[in-house]
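In: model this:
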Amino acid sequence: MDNKVRLFFALWPDKKVRQSIINKSKPLLKGVQKKIPAHNLHITLAFIGNVEKSKLDCYRQAAQEVHASGFGLRLDKAGCFSRAQILWLGCTTPAAELNWLVDSLNSALAVCGYQPGERRFTPHVSLTRKYRERVIPEFDTEIDWPVDSFCLVESCSTGRGVEYRVLDTWALG
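Out: Numbers count the residues shown, from 1 in each chain. Okay, here's the model as predicted:
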């Protein structure tokens, strides 16, 4: 029996926002074979990785200590992480409250041994992997996302690929 889980903290879109992402990103994904499944769309706040199941309670307790306000995000640009070959949707101007949430979460998770990576946080919703185009398609629309919670998610490998399972959700005040 496996003793480890693969975890991350994320913003999880509600049905309306998820459907808007799906509908408005269709022109970006024309001809793309390897789309991220709709039920896996999210913005990662903190990637924990593989940890012992016994540490789950530490991460849950730490998240409980995060106090941040709700805020609005506007997904209004497409981008690509060329090394990782990921096409994504992101924010031209991320809400200050989002950065506060990420900083607060990173600080709280330190008691569990978590250390954030060296890269600057870039809020994004991954749309596809193995994106090899040299030109990023124009994204000339906006998706408004009212953010009122964040969640702890388990990444599970299945015969159908990776699936994400929300384990817990915390409201933003």
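In: low-scoring stretches of this structure, by residue?
Out: Residues of the chain that meet the criterion pLDDT under 70 lie in 1.
In: what residue is smack in the middle of it?
Out: Ile43 (2.0 Å; C-alpha atoms, centre = their mean).
In: Show the contacting residues for that one.
Out: Ala10, Leu11, Leu73, Pro123, His124, Val125 (C-beta atoms under 8 Å, 6 or more residues apart in numbering). To be clear about C-beta, it is placed using only N, CA and C from the backbone, and glycine gets the same treatment.
In: Please name the bridge partners of Arg74.
Out: Judged by DSSP bridges, the bridge partners of Arg74 are Asp144.
In: With Glu154 as the reference, measure out to the residue lying closest to Asn40 once chain neighbours are set aside.
Out: Spatially, and ignoring its direct neighbours in sequence, Asn40 is nearest to Tyr164 (5.1 Å; C-beta to C-beta, 6 or more residues apart in numbering). Taking C-beta to C-beta, to the nearest Å as the measure, Tyr164 falls 7 Å from Glu154.
In: Also Trp88?
Out: Here the criterion is C-beta to C-beta. By it, Trp88 lies 22 Å from Glu154.
In: Just name whatever secondary elements whichever strand or helix holds the residue nearest to Asn40 is in contact with.
Out: Element membership for Tyr164 (DSSP states H and E) is strand 161-171. Secondary-structure packing of strand 161-171 (3 or more C-beta pairs under 8 Å, 6 or more residues apart in numbering; DSSP states H and E): helix 56-64, strand 149-158.
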